[in-house]
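Student: Return atomic coordinates for the entry below.
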Amino acid sequence: MTEFSESLTDPFGPAAEPWMTGRTALVTGGGQQSDNEAGVGYAICRVLAAHGARIAVLDRDPAAAQRTVEKIEADGGTAIAVVADLLDDDACKRAVDEVVARFGGFDTLVNNVAVGDRAGVFDVTPERFHQLMDLNLTTAWQMSRHAVGVMRTGGAIVNISSVGVRARGPAMVYNLAKAALENLTVGLANTLGDQGIRVNCVQVGAIWGAFAAANMTQEMRRLRRSWTALPIEGSPWDIAQAVLFLSSDRARWISGQILSVDGGPTSPKPPKPAAPAEPELEITTPEGAPSVHA
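Tutor: Take a look at the predicted model:
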């Protein structure tokens, strides 16, 4: 890993190298739940590992974490499963300590734990409100709080948010929590800058992955494809590539930023205007013959 420095002396030197050689990443929510579709955390773990990082796959489901580990190891990478419920602050600390004990430390933290819920802010009980805020916001704060004391200079934190933050519909608890997470991102970037730790955030667009496949119909999938400027569907692998960049030394001078990975504007495209009617063409005929119109 390139140490934090005042200048990048050879910007082309590492061009042919994997981007995460020598780095160790702790990815929360990194387990693979689905047998058919990749999840965001799983994709992040696989891509970072493919670029040379050692991966701590943190998940509360031991089987899901182990599935990700086995895939990484099958590809020749290095990974361990770390089991913890991040709603428990003590469990967050134990998870960090376990990664340090097994890998000697880490320099990259990806806060990916999230629970999507379209419940409006007045449609939930106080208990559910706090649960959604804790899952989507507090877990990231707790993990970051324990991680920064052991993270190396030149490290990176990447938080995973949602384009739902930009929604102009009714207020939802999920969007509220993600908006707070983005504010935390900017604040931590300023707080941790002197330690050489960068903090950025990836806004996830309307991708199709494990979560969408479990909660949406194919008709909803077709409709969402029309919401973006690019005529292609996004996937968890697109999110993972963005996280790879922000985690790597190639983003060494980027901090406090929110990167939207959404295929372009996330709003329905207006219908294409109908083609103008063809004007009637009068055809001249020989003298004495009737005229006709096309």
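
Student: Wait, a helix at residue 143?
Tutor: Yes - remark: residue 143 belongs to a helix, assigned using DSSP: H, G, I helix; E, B strand; the rest coil.

Student: Retrieve the pLDDT associated with it.
Tutor: Here, the pLDDT recorded for residue 143 equals 98.

Student: For it, list the residues it contacts.
Tutor: Each residue near residue 143 by CB atoms under 8 Å, 6 or more residues apart in numbering is listed here: 26, 28, 86, 92, 95, 96, 109, 111. Yep, even glycine has a C-beta here, placed from its N, CA and C like the rest.

Student: Kindly report the same for residue 162.
Tutor: With contact set as CB under 8 Å, 6+ apart, residue 162 has these partners: 114, 116, 174, 175, 178, 203, 204.

Student: Helix, strand or coil: sort out the second one for me.
Tutor: Judged by three-state DSSP, the three-state class of residue 116 is coil.

Student: Can you name the residues that contact the nearest residue to it once chain neighbours are set aside?
Tutor: Spatial nearest neighbour of residue 116, chain neighbours left out: residue 174 (5.8 Å); criterion: CB to CB, 6 or more residues apart in numbering. By CB under 8 Å, 6+ apart, residue 174 lies in contact with 115, 116, 117, 118, 119, 132, 136, 162, 164.

Student: For residue 174, pull up the helix or strand it's in.
Tutor: Using DSSP states H and E, residue 174 falls within helix 173-192.

Student: Check which element follows that helix along the chain.
Tutor: With DSSP H and E, the next secondary element past helix 173-192 is strand 198-204.

Student: Just want the angle from that following strand to helix 173-192.
Tutor: Interaxial angle of strand 198-204 relative to helix 173-192 (axes from the mean of the first three to the mean of the last three CA atoms, to 10 degrees): 160 degrees.

Student: List the contacts of strand 198-204.
Tutor: 40, 155-163, 165-166, 181-182, 185-186, 188-189, 192, 239, 242-243, 246, 251-252, 254-262.

Student: Please, a ChimeraX command that selects the buried ones among the residues you listed?
Tutor: Buried subset of the contacts of strand 198-204, written as a ChimeraX selection, criterion 16 or more other CB atoms under 10 Å:
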select :40,155,156,157,158,159,160,161,162,163,165,181,182,185,186,188,189,192,239,242,243,246,251,252,255,256,258,259,260,261,262
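
Student: Can I get stretch 51-66 in PDB, CA atoms only?
Tutor: The C-alpha coordinates for stretch 51-66 follow below in PDB (Å, rounded to 0.1, in the frame of the first residue of the first chain):
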ATOM      1  CA  HIS A  51      -7.500  -6.700  -6.700                       C
ATOM      2  CA  GLY A  52      -5.300  -8.200  -4.000                       C
ATOM      3  CA  ALA A  53      -6.900  -7.100  -0.700                       C
ATOM      4  CA  ARG A  54      -7.300  -9.500   2.200                       C
ATOM      5  CA  ILE A  55     -11.000  -9.400   3.200                       C
ATOM      6  CA  ALA A  56     -12.800  -9.700   6.500                       C
ATOM      7  CA  VAL A  57     -16.300 -10.600   5.600                       C
ATOM      8  CA  LEU A  58     -18.500  -9.400   8.400                       C
ATOM      9  CA  ASP A  59     -22.100 -10.600   8.600                       C
ATOM     10  CA  ARG A  60     -24.500 -11.700  11.300                       C
ATOM     11  CA  ASP A  61     -25.300 -14.800   9.300                       C
ATOM     12  CA  PRO A  62     -22.400 -17.200   9.600                       C
ATOM     13  CA  ALA A  63     -23.400 -19.300   6.600                       C
ATOM     14  CA  ALA A  64     -23.700 -16.200   4.400                       C
ATOM     15  CA  ALA A  65     -20.300 -14.900   5.500                       C
ATOM     16  CA  GLN A  66     -18.700 -18.300   4.800                       C
END
